[in-house]
Each structure stands twice: as structure tokens, then as C-alpha cells.
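*Asks:* Sequence plus the predicted model coming up.
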Amino acid sequence: MKAAELFVRCLENEGVEYIFGIPGEENLDIMDALLDSSIRFVTTRHEQGAAFMADVYGRLSGRPGVCLSTLGPGATNLITGVADANMDHAPLVAIAGQAGTNRMHKESHQVLDLDALFAPVTKYASSLLTPNIIPEVVRKAFKIAQTEKTGACFIEFPENIAEMVIDDVPLPAKQSHLPEPPQERVEAAAAMISEARNPMILAGNGVVRAKAWKHLADFAEKLNIPVANTFMAKGVVPFANNPLALGSAGLQAKDYVKCGFDRADLIICVGYDLVEYHPYLWHPTRDRNIIHVDVAPAEVDAWYGADVGVVGDIKHSLMRIAELATPHQGQPMRALRGALVVEMDDHATDEGFPVRPQKLIWDLRTAMEREDIAICDVGAHKMWMARMFRCEVPNTCIISNGFASMGIAVPGAVAAKLLYPERKVVAVTGDAGFMMNSQEIETAVRLDTPIVVLIWNDGGYGLIGWKQMNQFGRTAYVDFNNPDFVKYAESFGARGYRVNSTSELMPILREALDSNQVCVIDCPVDYRENLKLTQKLGDMVCPV
Ligand SMILES: Cc1ncc(C[n+]2csc(CCOP(=O)(O)OP(=O)(O)O)c2C)c(N)n1
Ligand SMILES: [Mg+2]
């Protein structure tokens, strides 16, 4: 068979269902071989869209999402989404065509050193310089992408190698197992927890990747320890009626949950990746005890001096520590949650227009079912969603907070809908982030993946304006004009809605969610609330 066919067999062997991408002149053999495979190729309208689809596919499923481009400009277009997956620890394998090995060594049309280009944004980048190594390279890329801490890998496939003839078979696709945490570390952690006066848990995205949310909730409940989660770990403990759930931590500003970190003498970090939330923001004093429960040893950071590291399978670590530690009494941090819930509930009947962020979130949460999925883009809207969108189930509010690239929401929603056709999927996006990958509306319409895109329209780069106002008292170069989003949506064959008054928002959301069509909702948002929030939190006196 041709090397390209063997390559595709190897991908099938890894359980690949979808490849997101754009064909080019240098991957003709792969594209042709895919026609005879079980893999579905999703043609996108930008390689960045393809990479974000693979990113969110990987994050939601735990299996590597796969994206593909041609050489040179196709490959550079992939990079942002690949970097996003890598820094958010989403498993992903990116594939790019390459010029033949007879012209890779010299100045030649569209040729870039792709291994070098992808090395800083992946865990492993390799080139198929001979057909004999295809089974090994593919297996290695998938194994590394799926091994904690999961991330992105890259394979470059020169066109002359792809058409060579080879007789070989894929290697068995096996996954490695995580080691048990050492008993002595488990005991040390349990002793530290038993002796603490005010322990608190910070749960990160690693809990979601390990599917350890039930174990975390049991751990917290048994030991009666409150839990804050990072933006990327929303849903790891049920929020509703759970006195131990303190909500999401991640704002740079003061916040209720931060009062918890100030009050705690011990912070138990579980599956926490430092990329999600700088330790200096929640641990400026550097004097608290820290227990690090994770699959990998703690990163070195002056504000993250782990006193006890429990490294190994997170589920087992949590179970074993909980067996040995003494439960705590009382709920000294409960008022923090109470203050947040008051804020969440405060805008339920708000009629002000443009719509306030709190009301937008209230209506969205009310319109969506528990298991429906929101994919957030990056901007002020993300901050509001992270803080105020109640989330009961992990992986139902996807936030990129490692690389935090704008443009993820629309393509990410397409991937989510492919994975979960029975659930509603909403892309929650700013007007700027929307325009960065809005071309994938065409992909969504063509694939018949009925997503709802909810645009928070402020005519600007809202988050940046917010920061500029905080720091300088004036904004600089953050305003822009938007196209008519309704007509824009309709031009793709999608439905477009404009929210003209706050009372229209809920009926429009319900209609769009029920429509089974791709829908775009243009919702004007009142970002005067941004500075009000900063002011309010700045003036806040900790309730604990
Ligand atoms: C690709 C990319 N470019 C720039 C940034 C920096 N940045 C973060 S948020 C933001 C503004 C986002 O504007 P918009 O999408 O309209 O959301 P809003 O803040 O208005 O809610 C910018 C420019 C980024 N995170 N990613
Ligand atoms: Mg905006």
C-alpha cells in the first residue's frame, strides 16, 4: 500500500473519528486515502478553526482531536489552536503536509521548518522522513498527546514519502497507567490536613482530565473542606445547594473566593495547573501550607512552595488521603458562597438595556439544561461567565485559560455538537472573538451542527478597555464597528436574531435553542458593569 494509506490505517487504529482541516497540494495522497477510511474529514474554512475544533474535541472527550493542514501557510494558520490545546492540556494531534524531502533542505516555495515551528507549542513534533517509521511516529504522537499532562503533538508528512509503497501495520494502541501515590506522602498530607485550622481546596483542570470529580466531591464532603475551582475546572463540584462550593477563582481583582485564600492556613491544590491562575494572585503572602495533589510534581514558582506533594493517580490520592485525615467541623467560609449567590440572583428580573452581563448569564443559565454545553470565548464576557455561570457538571462550561486565545468559541461549539448531538451547545462570545473565526458558521451550517452563537455586542475589545480604565482612567484603541450580525448570519443560511430589549432575550434564547438550526444572537451588553464590579470588589470587606 501507499505510505499515506498506512498512515490513515494508523489513525484509524488510534480510534480517530474526525479530522478537521483544509486540504492542500502537499497532502493529496492523505486526502485520497481518507476517502476509503472510516474517518470523517471535516472541511473547515480556516486552519485555525480546524485546530480549535480539535482542541475542544480533545478537551471534551479526553481523546486526541486531530487537525490537518498543508505545509507553510496552512501550518502557520494551525499554530494558535495547537498552542491553545497544548497550554490548556487538551490532547491533540496536528498533521501538516510538507514539501518532498528532495527540496526541504533549501529555499523552496512555501517550505518552512515545521518541526522547529511547532516544537515550542507541542510536547512532541516529528517528521516522517521515511515510510518505515509511520507506525512508530503515529503511536508515539497519540501516546504522548494522551499521557498526562495531556497536550498537543505534531506530525509533518513530506509529499514524496506519502506516495511511496510500504507494507506494514499499525502498532497496538495501548495507554500507560498512572502510578500509585507513595503511602508516606499520603500520610504526610493526611496529617497536615488533620492539623490545619482552616483548610481549603483549589481544584484545577487536572481533576476534569482525571475524571476525578466524584472523588473530589466525596473528599471535600467527608473532610468538610470548602472547594474553590479554577475557571477551567467549572463543575467539578456541584454548586447548587452545596455549602462547600465557593465558586470559581481566577479574577485578578479581589473577590469573595479570594477572602477564602486569605483566611486559609492550608490550601490543598488538586489537579491544579499553574498556567490557569498565577499563584501570586491567590498566595501573595507565600506563607500558607500547600499540599500538591497531581499527576506530576509541582512546578517551581516562588509563590507555590508545595509542602507536601502527593504525585500519582488523583482519584486514588484523594481516596487514600480522605481515609486517613480527620474531618473538620463547621463551615467558616460559607458566607463567601452566600455573597456570590446574592450577586448571581440579584439580576433575575433586571430590565435594564443594554443587557447587563449578570442578566445575560441568568437568562442563559435558565434557558439551558444542566448537561447542555457553553463554550466561552476570551474577553470580559469570559470573566463574567467564569464567575457567575452556575455549573453543575464538569465539561459543560468550557473556558480556555491556559493560552486563552480569542476565536475558540464558534469552532469549539461545532466540535462539541459533533461529540454531543443530543445536547444543546452555545458559543458565548464577544463581538471581536466572534469575528476571528465567524467563517466557521458556514462549516456549522454545512455539517448541520445546530449551535447557538450568543454575541455580547459592545462594539469593542471590552476586556482590554476594562483594564485600561482601571489602570489609566481612559481607553486606547479598543473601539470598532460591527457588521449587521443578523444579515451576516442569514447570508450563511443561519438564523439571525437581534435583542432589542432585555425582555426579548429569554424568548429568543429559547427559540434559538429549540430551533435545530445554526443561530446567531446579537445581544447588546452593558459593560459599564465591568468598572462597577471592579469598584464593588475593591471596596468589599471580606465577609469571613
Ligand atoms: C488571539 C488573541 N488576541 C488578543 C488577545 C488579547 N485579548 C484578550 S480579551 C481581548 C478583547 C476581546 O474582545 P471581545 O471578543 O469583543 O470580548 P469582550 O472583552 O468585549 O467581551 C483581547 C484583545 C487574546 N487573548 N487572543
Ligand atoms: Mg467586545
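*Replies:* Looks like it came in fine. Ligands and ions are numbered 1, 2, ... in the order given.

*Asks:* what ranges do the strands span in the stretch 301-450 of the chain?
*Replies:* Assigned by DSSP state E, counting those that start in this stretch, the strands in the stretch 301-450 of the chain fall at 308-311, 373-376, 397-398, 425-430.

*Asks:* Per-residue pLDDT of the residue nearest in space to the middle of the chain, please?
*Replies:* The residue lying closest to the centre of the chain (C-alpha atoms, centre = their mean) is Ser400, at 3.8 Å. Listed pLDDT for Ser400 reads 96.

*Asks:* residues touching it, list them.
*Replies:* The neighbourhood of Ser400, defined by C-beta atoms under 8 Å, 6 or more residues apart in numbering, consists of 55, 84, 88, 232, 376, 378, 408. (C-beta placed from N, C-alpha, C; glycine too.)

*Asks:* Can you name the residues that contact the nearest residue to the last one once chain neighbours are set aside?
*Replies:* It refers to Ile408. Of all residues not flanking Ile408 in the chain, Phe52 sits nearest, at 4.8 Å (C-beta to C-beta, 6 or more residues apart in numbering). Each residue near Phe52 by C-beta under 8 Å, 6+ apart is listed here: 81, 84, 407-408, 411-412, 415, 437.

*Asks:* try 7 Å this time
*Replies:* 81, 84, 407-408, 411-412, 437 (C-beta atoms under 7 Å, 6 or more residues apart in numbering).

*Asks:* Next: Thr130.
*Replies:* Ile161.

*Asks:* Can you pull the phi and psi angles for it?
*Replies:* When read as degrees, to the nearest 10, the backbone of Thr130 gives phi -150, psi 150.

*Asks:* Around ligand 1, which positions in the stretch 251-400 of the chain sit nearby?
*Replies:* Contacts of the stretch 251-400 of the chain with ligand 1, taken as C-beta under 6 Å from any ligand atom, map to 377-381.

*Asks:* Could you report the pLDDT at Asn229?
*Replies:* Note on Asn229: pLDDT of 98.

*Asks:* and this protein, which residues reach ligand 1?
*Replies:* Within the chain, the residues that sit near ligand 1 (C-beta under 6 Å from any ligand atom) are 377-381, 404-407, 430-433, 456, 458, 460-464.

*Asks:* of the residues you listed, buried ones?
*Replies:* 377-381, 404-407, 430-433, 456, 458, 460-464 (16 or more other C-beta atoms under 10 Å).

*Asks:* before we move on, back to that, and the strands of the stretch 301-450 of the chain as JSON lines, adding distance to Phe142?
*Replies:* As requested, the strands of the stretch 301-450 of the chain are arranged in JSON lines below (distance: least, C-beta to C-beta, whole Å):
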{"stretch": "strand 308-311", "distance to Phe142": "24"}
{"stretch": "strand 373-376", "distance to Phe142": "24"}
{"stretch": "strand 397-398", "distance to Phe142": "22"}
{"stretch": "strand 425-430", "distance to Phe142": "26"}
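
*Asks:* Of all those strands, which one comes closest to Arg59?
*Replies:* Closest approach to Arg59 among these (C-beta to C-beta): strand 397-398, 6.3 Å.

*Asks:* what pairs with that closest one, and is each one parallel or antiparallel?
*Replies:* Note on strand 397-398: by DSSP bridges, its sheet partners are strand 373-376 (parallel).

*Asks:* so how far is the strand it pairs with off the chain centroid?
*Replies:* Relative to its parent chain, strand 373-376 has a centroid offset of 9 Å by C-alpha atoms, centre = their mean, to the nearest Å.

*Asks:* Same question for stretch 270-290.
*Replies:* Distance, stretch centre to chain centre, for stretch 270-290: 20 Å (C-alpha atoms, centre = their mean).

*Asks:* just stretch 226-243 next, same as before
*Replies:* The chain centre lies 16 Å from the centre of stretch 226-243; the measure is C-alpha atoms, centre = their mean.

*Asks:* next one: stretch 170-178
*Replies:* Taking C-alpha atoms, centre = their mean, the mean C-alpha location of stretch 170-178 is offset from the chain mean by 25 Å.

*Asks:* can you give me the helices for the stretch 151-300 of the chain?
*Replies:* Ranges of helices in the stretch 151-300 of the chain, per DSSP state H, counting those that start in this stretch, are 159-162, 183-195, 205-209, 213-223, 256-263, 279-282.

*Asks:* closest to ligand 2 out of the ones you listed?
*Replies:* Between ligand 2 and the helices of the stretch 151-300 of the chain, the tightest spacing by C-beta to the ion is seen for helix 279-282, at 24.1 Å.

*Asks:* Can you mark which positions in that closest one are buried?
*Replies:* In terms of neighbour count (16+ other C-beta under 10 Å), helix 279-282 has its buried residues at 279, 282.

*Asks:* Please work out which of the helices of the stretch 151-300 of the chain is packed deepest.
*Replies:* When the helices of the stretch 151-300 of the chain are scored by mean count of other C-beta atoms under 10 Å, the highest mean neighbour count falls to helix 205-209 (a mean of 27).

*Asks:* Give me the contact list for that helix.
*Replies:* So helix 205-209 is in contact with 62, 89, 148, 150, 213, 216, 230, 232-233, 236, 270-273, 276, 294-295, 314, 394-395, going by C-beta under 7 Å, 6+ apart.

*Asks:* Just the residues you listed: which are in strands?
*Replies:* Those of those mapping onto strands are 230, 270, 294, per DSSP state E.

*Asks:* Name all residues that make contact with the residue of the stretch 1-150 of the chain found nearest ligand 1.
*Replies:* Ranked by C-beta to the nearest ligand atom, the top residue of the stretch 1-150 of the chain for proximity to ligand 1 is Thr80, at 6.4 Å. Applying C-beta under 7 Å, 6+ apart, one finds that Thr80 lies in contact with 48, 51, 405.

*Asks:* so the second one sits right up against Ala83, yeah?
*Replies:* In other words, Ala51. No - with contact defined as C-beta atoms under 7 Å, Ala51 does not count as touching Ala83 (8.7 Å).

*Asks:* higher neighbour count, the two?
*Replies:* Ala51 (33 against 20; other C-beta atoms under 10 Å).

*Asks:* Where does that one sit, in terms of helix or strand?
*Replies:* According to DSSP states H and E, Ala51 maps onto helix 47-61.

*Asks:* quick one on the thing from earlier: make JSON lines out of the helices of the stretch 151-300 of the chain and add mean pLDDT.
*Replies:* What follows is the helices of the stretch 151-300 of the chain, written out as JSON lines (pLDDT from 0 to 100):
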{"stretch": "helix 159-162", "mean pLDDT": "97"}
{"stretch": "helix 183-195", "mean pLDDT": "98"}
{"stretch": "helix 205-209", "mean pLDDT": "98"}
{"stretch": "helix 213-223", "mean pLDDT": "98"}
{"stretch": "helix 256-263", "mean pLDDT": "95"}
{"stretch": "helix 279-282", "mean pLDDT": "96"}
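
*Asks:* Next, format those helices as CSV and append distance to Ala96.
*Replies:* Formatted as CSV, the helices of the stretch 151-300 of the chain follow (distance: least, C-beta to C-beta, whole Å):
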stretch, distance to Ala96
helix 159-162, 11
helix 183-195, 42
helix 205-209, 26
helix 213-223, 35
helix 256-263, 42
helix 279-282, 36
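
*Asks:* want to throw these into JSON lines with distance to ligand 2?
*Replies:* JSON lines is the format used below for the helices of the stretch 151-300 of the chain (distance: least, C-beta to the ion, whole Å):
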{"stretch": "helix 159-162", "distance to ligand 2": "42"}
{"stretch": "helix 183-195", "distance to ligand 2": "43"}
{"stretch": "helix 205-209", "distance to ligand 2": "25"}
{"stretch": "helix 213-223", "distance to ligand 2": "32"}
{"stretch": "helix 256-263", "distance to ligand 2": "25"}
{"stretch": "helix 279-282", "distance to ligand 2": "24"}
